[in-house]
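Novice: Whatever this is, show me its structure:
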Amino acid sequence: MAHSTDLFPIEEDPFFLEDLLQMARAGNFRRWQFAMVAPYITGKVLEVGGGIGNFTPELARVAESVVSIEPNAYCFARLQEKTKDLANVRVCNATVESLDQQLPPEDRRDTIVLMNVLEHIKDDAAVLQLLRRRLKPDGRIVLLVPAAPWAFGHIDERLGHYRRYSKASARQLIAALGMQVEKLRYFNFIGVWAWWWNARISKTRKQNDAQIRVFDRYFVPCISRVENVVAPPVGQSLLLVARQHPG
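Specialist: So this is what the prediction gives:
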């Protein structure tokens, strides 16, 4: 959940750090998010924006190997600590732009995953173009991003979000890469309305610990089961899986 193009002092930003830790404690929600991307994670993986390691151990369990890059020094230290006992994980204090200094040019990945990262990147299209060059011929880019531009509010701004995505904007992004959309779906139907309320009605400027605990404990188990059967027409998040054209 960290910026991939600039180094900012998270340790001096209590709001951003609080959000990272809130998400780390929301175990049901975190597991639901990972369950959405897990079917598309294969082989050698590049994780962009490993943050404090909220998803890296889960990636390590389903992948052959993981390289996780994180540019922020504070997050990187936490990421190192979280993954130090995982033999198939390598972590790098690097940006996408400096990736060639960490991996040889011939190193190609089966899967590149960005979990709640792309919205933090100002020029998302340019970064995805750089990442595409790191894919094998049939490789995938797996994205989990916040959805519903109409729900953008103060919390997004304070988190460093440049945007929220729609299916239409996601398709345009992938078309510009010359890749195929393999999967595109919203999830967390209830969450988007809570986010919209906080953004547009109550004008909330920070996430509420109590709300997150209640949502994580009582709502996520039920919502996730329902949405496993029926994909909602809109949601707080968008799963996007893009694949290279064969050949």
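
Novice: What pLDDT does the model give the residue nearest to residue 38 when sequence neighbours are not counted?
Specialist: Closest residue in space to residue 38, ignoring its immediate chain neighbours: residue 62 at 5.7 Å, by CB to CB, 6 or more residues apart in numbering. To be clear about C-beta, it is placed using only N, CA and C from the backbone, and glycine gets the same treatment. pLDDT, the model's per-residue confidence, is 97 for residue 62.

Novice: from here on, count from 30
Specialist: Got it, the first residue is 30 from now on, which makes the last one we talked about residue 91.

Novice: now residue 91: how far from residue 151?
Specialist: Distance from residue 91 to residue 151, counting by CB to CB, to the nearest Å: 31 Å.

Novice: the more surrounded of these two?
Specialist: residue 91 (16 against 13; other CB atoms under 10 Å).

Novice: Helices of this protein, start to end?
Specialist: Counting by DSSP state H, the chain has helices at residues 43-54, 56-66, 85-91, 102-112, 153-161, 183-188, 196-206, 218-225, 238-243, 249-258.

Novice: mean pLDDT lowest for which of the ones you listed?
Specialist: helix 43-54 has the lowest average pLDDT among these, namely a mean of 63.

Novice: could the helices of the chain be laid out in CSV, adding distance to residue 121?
Specialist: Shown next, in CSV, are the helices of the chain (distance: least, CB to CB, whole Å):
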stretch, distance to residue 121
helix 43-54, 19
helix 56-66, 21
helix 85-91, 12
helix 102-112, 8
helix 153-161, 14
helix 183-188, 24
helix 196-206, 23
helix 218-225, 32
helix 238-243, 30
helix 249-258, 32
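
Novice: Tell me if I'm right that the residue nearest to residue 67 and residue 70 touch.
Specialist: Yes: using CB atoms under 8 Å, residue 91 is in contact with residue 70, at 5.0 Å.

Novice: re the thing from before, closest to residue 78 out of the helices of the chain?
Specialist: Of all those, helix 102-112 sits nearest to residue 78, with 8.6 Å by CB to CB.

Novice: in that closest one, what counts as buried?
Specialist: Neighbour-count burial for helix 102-112, with 16 or more other CB atoms under 10 Å as criterion, is recorded at 103-105, 107-109, 111-112.

Novice: any idea how far residue 268 lies from residue 216?
Specialist: For residue 268, the distance to residue 216 - CB to CB - is 7 Å.

Novice: How much space separates residue 87 from residue 258?
Specialist: 23 Å.

Novice: Those two: which is more packed in?
Specialist: Counting neighbours by other CB under 10 Å for residue 87 and for residue 258 shows that residue 87 has the greater number, 20 against 6.

Novice: got a list of what the more buried one touches?
Specialist: Contact analysis of residue 87 by CB atoms under 8 Å, 6 or more residues apart in numbering lists 63, 67.

Novice: same thing with residue 109?
Specialist: Here residue 109 is in contact with residue 120 (CB under 8 Å, 6+ apart).

Novice: Quick check: it vs residue 122, distance?
Specialist: If you measure residue 109 against residue 122 using CB to CB, the figure is 9 Å.

Novice: what do you get for residue 52?
Specialist: Residue 52 sits 21 Å away from residue 122, going by CB to CB.

Novice: Repeat that for residue 94.
Specialist: According to CB to CB, residue 94 stands 18 Å off from residue 122.
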